[in-house]
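build me a model:
(one chain, ligands or ions: 2)
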Amino acid sequence: MILQDELLAAISWAAQQGWTPATGGNFSARVPQGYLVTASGRDKTRIQADDLLLCDLEGRVLEGSGKPSAESDLHAALYRMDEQIGCVLHTHTVASTVLSRRFPEGIALSGFEMQKALQGNSTHDATIHLPVVPNSQDMSELADHVRAGWPMLWGFLVAGHGIYAVGSSIAECRRHLEAIEFLLACVLEESRWSK
Ligand SMILES: CSCCC(=O)C(=O)COP(=O)(O)O
Ligand SMILES: [Zn+2]
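Ligands and ions are numbered 1, 2, ... in the order given. So this is what the prediction gives:
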């Protein structure tokens, strides 16, 4: 599958999960000239090729119409931060929004078999840390918070906002996004046990 189609398929998949309410979320993949990113304000359940813009690694639009995502500069910063990152998928889910507000210092995950879906993990019998960075409308401020917690191999949460998953390929990034969302849903469900 060509990369643009693979990115569009990933966006449609995320939207079908209900992870992009009210046009929330933005999505990108690295290409030789920079990265392809979703235009701002688009309904991700109806995403099409002309909803993608080509930007250079400074976030400047090279091709496409409309405005790039309001969070495009964060995608650019992530691609500049780590040349291994090939894809960035950002969603707004209930579990990530609620838990990132509840645990602004980050979320510890341990004992879940699903941890093995996150690159570099081969056992449930370990504690891994999912970082949470404070929300900001200033993408360079957000990027500074992310940089301070680097390396983030699979992604991070933005407080009260959502998940940013990263991966070396679109397929790996999809797996990371799905695993993070699953793990957060488990943590949210478990938090009801003590009530
Ligand atoms: C509608 S949710 C608020 C904006 C946001 O956080 C988001 O992910 C979508 O912004 P975009 O400019 O990429 O449409
Ligand atoms: Zn967002």
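
name the SS class of Gly66, please.
Of the three states, Gly66 takes coil under DSSP: H, G, I helix; E, B strand; the rest coil.

just the pLDDT at the nearest residue to it once chain neighbours are set aside, thanks.
Nearest residue to Gly66 in three dimensions, chain neighbours excluded: Ala39, at 4.0 Å (C-beta to C-beta, 6 or more residues apart in numbering). All C-beta atoms are positioned from the backbone trio N, CA, C, and that covers glycine. The score at Ala39 is 98. That number is its pLDDT.

and Lys195, by the same measure?
You'll see Lys195 listed with a pLDDT of 64.

start the count at 47 instead of 1 going forward.
Happy to do that; since the first residue is 47 now, the last one works out to Lys241.

and the nearest residue in space to Ile93 that is not next to it in sequence, what does it touch?
Spatially, and ignoring its direct neighbours in sequence, Ile93 is nearest to Ile57 (4.7 Å; C-beta to C-beta, 6+ apart). Taking C-beta atoms under 8 Å, 6 or more residues apart in numbering, we find Ile57 in contact with Thr66, Phe73, Thr84, Lys90, Ile93.

could I get those as JSON lines with secondary structure and neighbour count?
Shown next, in JSON lines, are the contacts of Ile57 (DSSP: H, G, I helix; E, B strand; the rest coil; neighbours: other C-beta atoms under 10 Å):
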{"residue": "Thr66", "secondary structure": "coil", "neighbour count": "26"}
{"residue": "Phe73", "secondary structure": "strand", "neighbour count": "29"}
{"residue": "Thr84", "secondary structure": "strand", "neighbour count": "27"}
{"residue": "Lys90", "secondary structure": "helix", "neighbour count": "22"}
{"residue": "Ile93", "secondary structure": "coil", "neighbour count": "22"}
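
for the chain, which segments count as helices?
For the chain, helices defined by DSSP state H occupy the ranges 49-62, 118-127, 140-148, 185-194, 216-236.

could you list the low-pLDDT ranges of the chain?
The chain contains residues with pLDDT under 70 at 241.

which residues of it lie near ligand 1?
Counting by C-beta under 6 Å from any ligand atom, the residues of the chain close to ligand 1 are Ala68, Thr69, Gly70, Gly71, Asn72, Thr84, Ser86, Gly87, Ser115, Ala116, Glu117, His136.
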